[in-house]
Structure formats: C-alpha cells, structure tokens
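Participant: Any chance you can model this:
(4 chains)
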Protein chains: 2
Amino acid sequence: MTRDPALEPLTRSAEDYLKAILALSGEAAVSTTQIAQRLELSPASVSGMIRRLSDQGWLEHVPYRGVVLTDAGRRAALRMVRRHRLIETYLVDRLGFTWDDVHEEAERLEHAVSDQLVDRMAEALGHPRFDPHGDPIPRSDGTMDIPDYVAVPDLVTGEPMILHRVRTGDAERLRYIADAGLVPGAEVMLVSREPFDGPVTVRVGGGERVIAHDLAAMLLCVRE
Amino acid sequence: MTRDPALEPLTRSAEDYLKAILALSGEAAVSTTQIAQRLELSPASVSGMIRRLSDQGWLEHVPYRGVVLTDAGRRAALRMVRRHRLIETYLVDRLGFTWDDVHEEAERLEHAVSDQLVDRMAEALGHPRFDPHGDPIPRSDGTMDIPDYVAVPDLVTGEPMILHRVRTGDAERLRYIADAGLVPGAEVMLVSREPFDGPVTVRVGGGERVIAHDLAAMLLCVRE
DNA sequence: ATATAAATTTAGGCCGTCCGAATTTCCAGT
DNA sequence: ACTGGAAATTCGGACGGCCTAAATTTATAT
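Facilitator: You can find the predicted model right below:
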C-alpha cells in the first residue's frame, strides 16, 4: 500500500473519487452517474475527472461502459478508507466525538493527515480492526477482516447474536439506533418479523424494540 | 473570534496568506515581496490574492505601499495560529511527535480541523497556554499570554533564568537545541559572551555549551 | 427497424490560484 | 529636477475542478 510507482500525487478531489469508486465497486464496472450521485456532482464533471484519473493510471475507463480501479487505484482508495475509519475511531475513542458526528470531520481530515500520523493513531488505539460503526479498518497492506454477517431481518428468531456493524452514515438514524441500545457489541435477538418487509421486533438490552425493516437491514450481526 | 459577520469563507490558500501577514506584521504595513518570500510564491501571485482578500474585507491594501489586516483578518489569522499551535501541542503530547517534526503536519491539519475538534483537543490538553516551542497559543477570543522575554545573548551573566521559548521552526536547529538540553522549562545561565556578536557560553543541565550568537538569540528566557 | 429515452461525453464558461513577462510606480542619488 | 533600479502591479496563459447545454452513444419499446 501507499507506494505507487510513478503516479502523480492525488488531489483531494481525486482521492474522493477513488474512494467513491471503491465503495461502488461490486461485480460490474462503476458508472459515471453512480459516481456523480454519490459525490453530488454533475455527470459531466465526473466524465472530466475520470479522464484525468485514467490518464494517470488510477483507473481504467471504457467510454459509455464505466470504470474499474487499477491496482494502484484500489490501493490508494483503500488507503483513504483506512485513514477515514482510523480517524473516526480516534475521534470517538480519544476526543469525545459520537458516532453520529465524526463523519464530516474525518472526511476533511483524511486528506490532511500523513501516513506517520495515521500510524501513530493506529498504534495509540492498539491497531483496531473495526471503527465505531463496526466497519472494518483496512491494514496498511490493504487487507482487512470482513466477518460473515447476518442482517437483523434475516436472523433466525430466538437465536441470540452480537450486533457487529451498522451500515448507515446518516446522523439521525445513528442517534436513533444508539438510543435503542443497538450499538456494535450489543446482544440482540430477533423476536418476530412481519411479512412483506414489514417491521421487525428485536430483543436488546432486556427490552423489545419494533424497527422498520429497512433500518433493521442495516444492522449486521455475527454469531456468538 | 471565529465569527466574522458577512465574510466569504476562506480558502486554504487565503488562510495561509492571512497567517503569513499576521506573522510579518510589525510596526509597518507588510509588503508584497515579504509575503511572496515567506509563502514561496511569486510576487505576481501575491498581488492577485491581495486583491481578492482586500475585496473580501480581510485586509486593507494601499497599492505599492503594503497591506494591513482588518480586525476580521487579524481574528481569522489568530484563529489559524491557535489551531496550528494547539495541533502541534496535541501531536507532541499525545501522539509521540517531536518538536522538530510537527510543523508540516500541523500546517496541513490546521486547514482541515473544525472548531469543535480544536476545542476538544484544547480541553484534552487542559487548555495549554504555550506550545512545545513555547509559542503562546491564542485563546478563542484571540488573546494570549506573552511573557517578557530576554534573549540568551542579552542575559545578565551569572543570573539563572528559565528558557521559555525557542524561536525557530528549522528542524535541524531544533534537534541540535534539544540535544543540548535547551528545551522550554530548562534552567539556563549565561556564563560569558564574546564581543561583536560572537559565540555565547551558557550553563544548562549541569554542563556548559558554546552556542552561535544567532542561535542563542532565538532562545528566549523568563525570570525565575 | 426505428423512435424514443437514458446515459454519457464533448464543448464552452467560470473561478481560484499559480506563473513569467511587461509595465508602472516609487525613491534615492546625482 | 531627473533618472536608474527596485518594488509592485497588470497582463496573458495554464491548470484543476466545477457547471450547463448540446451532441452523441446505448438501451428499450413498439
């Protein structure tokens, strides 16, 4: 990671593009509009930046077909993800931020910190593998631990599980969820579930909660 | 501080200009070339930026005569100084940085941190009034403590003093100085001094040191 | 097969920030 | 009072990064 043979240094903007593309990368190539929506930019602007990034070897672009990160691009993007998540962890653990208000701060800091600072923070925190939302923190070499998750609506009823990851960045949702005691590490159990993607009842912290299906789907659990 | 009635938000670049101008502000107005030298930019670039900053009310410019910060400009610049020095203090105190390698890091971070983060760091550190180099940290309202300093070459020989501030950002000098035990808080005593700005002998930490005059002039002491 | 809709790229502009080169202003010394 | 050189400014150009509008390509539906 971090050492990319002969590439231009990335601008802040370019770092955001790579990170967005990584996040959108599933099976297929990532489309211009996907990127534009995620970064809240016009598709035309994205086309322009795609050209630069492609010229510089961070990604490959097939016109009208989409974009795939090169190895260098993926490494650079993972480096940003590592920074972001470590910064969030540091701010929550050491500086009294809450999991619903760290995102913006990290979004700015991730472009400003040196590798040295990132490493120092990681060390100070004992090399955490997950951030406050349970998102895995990539190591310097780009690897990370990704547990086998089961989303709350897919749980076997009556079987106790550990909530491990909350997949939303929305501050209001995060506050609501935390309020319900649904923080990573909490023991949860699916009590019942209504059909047609209806609300879901979970037992957590000695009480029961009825939760919207879509929100419950963002809560990922692990066994034991 | 921080609340400036109706002004445009500052860019990173503009923040650097204001900070530089504040640092260069003595009696007289600050000249274009002074700013250009300090920021390592061409005078042409500085002229351009001066115009924008002046249009936006951060400073007043008399063509061919120089530049003076407005109140808003001074507040904005002091806010950056506060950030910079608090960040340096935090990095040294909490993350194992040394006083010779924090500058660059702080230079980048000062543009990225929120007021909230700055306040949290200040709080975590117990609202320090001086940074690792002994430079005073402005409070949120822009005030700061500036002791009455006596530079080492101006000390009365034989009178013990406390080294309080080291006025250089040069990493090599800082390492040399730290190596000699000349860190803020150290007890120092002028032993002798050669005429014509010659070397200066100081007693520090039970030993004697001969130091170049110019370097010694960067070491500022306070009584007791 | 073709018309239309959707996605994408290109074209042309704007702003901030930098530069080098040309020009203007200021001041000091004759 | 004049003039040469230093200091400062303006000018023209570049680039990154954003935009809107127009053109183009691809996908879909009749």
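
Participant: hmm, who's touching stretch A:28-48?
Facilitator: Taking contacts as C-beta atoms under 8 Å, 6 or more residues apart in numbering or on different chains, the residues outside stretch A:28-48 that touch it are A:16, A:17, A:20, A:21, A:23, A:24, A:50, A:62, A:65, A:66, A:67, A:68. Yep, even glycine has a C-beta here, placed from its N, CA and C like the rest.

Participant: List the contacts of the residue most central in space within chain A.
Facilitator: Within chain A, the residue whose C-alpha comes closest to the C-alpha centroid is residue A:135; the distance, by C-alpha atoms, centre = their mean, is 5.7 Å. Residues in contact with residue A:135 (C-beta under 8 Å, 6+ apart) are A:85, A:165, A:167.

Participant: Filter these down to just the buried residues.
Facilitator: When neighbours are counted using 16 or more other C-beta atoms under 10 Å in any protein chain shown, those contain these buried positions: A:85, A:165.

Participant: Make TSV out of the contacts of residue A:135 and add distance to residue A:130.
Facilitator: Formatted as TSV, the entries for the contacts of residue A:135 read as follows, by distance: C-beta to C-beta, whole Å:
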residue	distance to residue A:130
A:85	8
A:165	8
A:167	13
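
Participant: Can you name the residue of chain A nearest to chain B?
Facilitator: For chain A and chain B, the shortest gap (C-beta to the nearest C-beta) falls at residue A:112, measuring 3.9 Å.

Participant: So which bits of chain A are right by DNA strand D?
Facilitator: Within chain A, the residues that sit near DNA strand D (C-beta under 7 Å from any atom of the strand) are A:11-14, A:40-42, A:44-45, A:48-49, A:52, A:63-64.

Participant: that older thread, how about the backbone phi and psi for the residue nearest to the centre of chain A?
Facilitator: In terms of degrees, to the nearest 10, the main-chain angles of residue A:135 are phi -70, psi 140.

Participant: measure it to DNA strand D for me?
Facilitator: For residue A:135, the distance to DNA strand D under the criterion C-beta to the nearest atom of the strand, to the nearest Å works out to 24 Å.

Participant: What of residue A:127?
Facilitator: As defined by C-beta to the nearest atom of the strand, residue A:127 lies at a distance of 32 Å from DNA strand D.

Participant: Repeat that for residue A:26.
Facilitator: Computed with C-beta to the nearest atom of the strand, the distance linking residue A:26 and DNA strand D is 17 Å.

Participant: Could you give the number of residues near that residue?
Facilitator: Residues within reach of residue A:26, counting by other C-beta atoms under 10 Å in any protein chain shown, total 7.

Participant: Could I get the pLDDT score of it?
Facilitator: In the predicted model, residue A:26 carries a pLDDT score of 89.

Participant: sorry, back to before: and what about the residue nearest to the residue of chain A closest to chain B when sequence neighbours are not counted, helix, strand or coil?
Facilitator: Nearest residue to residue A:112, sequence neighbours excluded (C-beta to C-beta, 6 or more residues apart in numbering or on different chains): residue B:112, at 3.9 Å. Of the three states, residue B:112 takes coil according to DSSP: H, G, I helix; E, B strand; the rest coil.

Participant: my guess is residue B:112 contacts residue A:117, does it?
Facilitator: No: taking C-beta atoms under 8 Å as the contact criterion, residue B:112 and residue A:117 are not neighbours in contact, 11.5 Å apart.

Participant: returning to that earlier point: just the contacts of stretch A:28-48: which are in strands?
Facilitator: With DSSP state E as the criterion, strands contain A:62, A:66, A:67, A:68 from among the contacts of stretch A:28-48.

Participant: Can you list phi and psi of the residue nearest to the first one when sequence neighbours are not counted for me?
Facilitator: Read that as residue A:62. Computed as C-beta to C-beta, 6+ apart, the closest residue to residue A:62 that is not its neighbour in sequence is residue A:29, at 7.1 Å. For residue A:29, the backbone dihedrals (degrees, to the nearest 10) come out as phi -70, psi 160.

Participant: Send me stretch A:197-212 as PDB with only the CA atoms.
Facilitator: This file holds the C-alpha atoms of stretch A:197-212, laid out as PDB (Å, rounded to 0.1, in the frame of the first residue of the first chain):
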ATOM      1  CA  ASP A 197     -40.700  -6.400   4.500                       C
ATOM      2  CA  GLY A 198     -42.700  -5.300   7.500                       C
ATOM      3  CA  PRO A 199     -41.400  -4.100  10.800                       C
ATOM      4  CA  VAL A 200     -39.200  -6.400  12.900                       C
ATOM      5  CA  THR A 201     -39.200  -6.900  16.600                       C
ATOM      6  CA  VAL A 202     -35.900  -7.400  18.300                       C
ATOM      7  CA  ARG A 203     -34.900  -8.000  21.900                       C
ATOM      8  CA  VAL A 204     -31.900  -5.900  23.000                       C
ATOM      9  CA  GLY A 205     -30.700  -4.900  26.400                       C
ATOM     10  CA  GLY A 206     -33.600  -6.500  28.200                       C
ATOM     11  CA  GLY A 207     -36.300  -4.800  26.200                       C
ATOM     12  CA  GLU A 208     -38.100  -5.200  22.900                       C
ATOM     13  CA  ARG A 209     -38.000  -2.800  20.000                       C
ATOM     14  CA  VAL A 210     -40.000  -2.700  16.900                       C
ATOM     15  CA  ILE A 211     -37.900  -1.400  14.000                       C
ATOM     16  CA  ALA A 212     -38.600  -0.500  10.400                       C
END
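
Participant: Identify all contacting residues around that stretch.
Facilitator: Contacts made with stretch A:197-212 from outside it, assessed by C-beta under 8 Å, 6+ apart, are listed as A:152-153, A:163, A:180-182, A:186-194, A:213-214, A:216.
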